[in-house]
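>>> 3D model of this:
(4 chains)
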There are 2 protein chains.
Amino acid sequence: MGSPGRSGADVTTVTSPRVLAHPARDEIRLEDVLHALADPMRLRVVRELAAVDADLSCSDVELPVTKSTTTHHFRVLRENGVIRQTYRGTAKMNGLRRDDLDALFPGLLDRVLEAAQSQERRLAGR
Amino acid sequence: MGSPGRSGADVTTVTSPRVLAHPARDEIRLEDVLHALADPMRLRVVRELAAVDADLSCSDVELPVTKSTTTHHFRVLRENGVIRQTYRGTAKMNGLRRDDLDALFPGLLDRVLEAAQSQERRLAGR
DNA sequence: CCCGTACTACGATGACTATCGCACGAGCAC
DNA sequence: GTGCTCGTGCGATAGTCATCGTAGTACGGG
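Model (predicted):
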């Protein structure tokens, strides 16, 4: 088939976009954030990101699911405004959008993180 | 099939239980609470319950959905430990489980309520 | 005793979602 | 260049969920 070449005509849906779509700060909705945080896998990711307080690549966070599913969860977190994703070579770095979330919903993220940790302690038999 | 009669033998699944099943305090899970709160209709109910700081009957809370759907949402809120439901004659009273939620997840409910109000103000053109 | 009000239960349905496997594209190392 | 690793996209599938309509049950009042 010759060179695929991607002539750049179909700008609407680029096959592999080098820049990822994020909601602006004032596009972030509380229900969406709560929904994103309501999944155990995603809550786990968010907790880890908050713990290291730095960007992590998708493969740095170990989840008991396949790669495709991991990609899916990271996408949900990004599209709902919880994390920010940027390319860095072959890796994709993920960082918590603490500034935006704290500005929109003061204290919410911290209370959720505290609640998650407290619950984990409680369920661990102590 | 003759008179329904409900002879009391099948205690496992009573047709119309006068007492409703609620999760105990230590049965309440963070993910479930977040999931319950992530729905616009249910968040609306919770906000109203918090605002009046008293028990409301199911029909006191006006939602743009049918009765069946309203029942469904109240059930989800109860089964996830967000509200407490008690019968009172033909009416069913609903009250927020503030004590339990605050004990398990300190500050979480308040931050969510604040965030919801702040977002409403923001979306209403401010 | 009959009726109205309040709520529930039972499908049914359409939408969304979490999961997988597989094949592909993009960059890095040699 | 060739190959390796990382991540994406695309079905497919099974499960959950929000919604409805209809029919039913419980309680209180005339």
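>>> near chain B, anything from the helix ranked longest in chain A?
The helix spanning the most residues in chain A, taking DSSP state H as the definition, is helix A:108-123. Yes - Helix A:108-123 comes into contact with chain B when judged by Cβ under 8 Å from any Cβ of the partner chain, the residues involved being A:Leu108, A:Arg111, A:Val112, A:Glu114, A:Ala115, A:Ala116, A:Ser118, A:Gln119, A:Arg122. Every residue, glycine included, has its C-beta placed from N, CA and C.
>>> and that helix, which residues are buried?
Buried positions in helix A:108-123, judged by neighbour count with 16 or more other Cβ atoms under 10 Å in any protein chain shown: A:Leu108, A:Leu109, A:Asp110, A:Arg111, A:Val112, A:Leu113, A:Ala115, A:Ala116, A:Gln119.
>>> I'd like to know how far A:Leu77 sits from B:Asp26.
Summarising the geometry, the distance separating A:Leu77 from B:Asp26, computed by Cβ to Cβ, to the nearest Å, is 29 Å.
>>> which one's more surrounded, those two?
Neighbour tally, A:Leu77 and B:Asp26, criterion other Cβ atoms under 10 Å in any protein chain shown: the higher count belongs to A:Leu77, 26 against 12.
>>> and the gap between the more buried one and chain B?
The gap separating A:Leu77 from chain B is 14 Å, by Cβ to the nearest Cβ, to the nearest Å.
>>> residues contacting that residue?
Listed by Cβ atoms under 8 Å, 6 or more residues apart in numbering or on different chains, the contact partners of A:Leu77 are A:Ala36, A:Arg42, A:Val45, A:Val46, A:Ile83, A:Asn94.
>>> is any residue of stretch A:75-94 near DNA strand C?
Yes - using Cβ under 7 Å from any atom of the strand, stretch A:75-94 comes into contact with DNA strand C via A:Val76, A:Gly89, A:Thr90.
>>> narrow these to just the buried residues.
When these are checked for burial by 16+ other Cβ under 10 Å, the buried set is A:Val76.
>>> would JSON lines of the residues of stretch A:75-94 next to DNA strand C with secondary structure and distance to A:Asp55 be doable?
What follows is those, written out as JSON lines (DSSP: H, G, I helix; E, B strand; the rest coil; distance: Cβ to Cβ, whole Å):
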{"residue": "A:Val76", "secondary structure": "helix", "distance to A:Asp55": "18"}
{"residue": "A:Gly89", "secondary structure": "coil", "distance to A:Asp55": "13"}
{"residue": "A:Thr90", "secondary structure": "coil", "distance to A:Asp55": "15"}
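>>> where exactly do the helices run in chain A?
Shown for chain A, the helices assigned by DSSP H span residues A:30-37, A:40-52, A:67-79, A:98-104, A:108-123.
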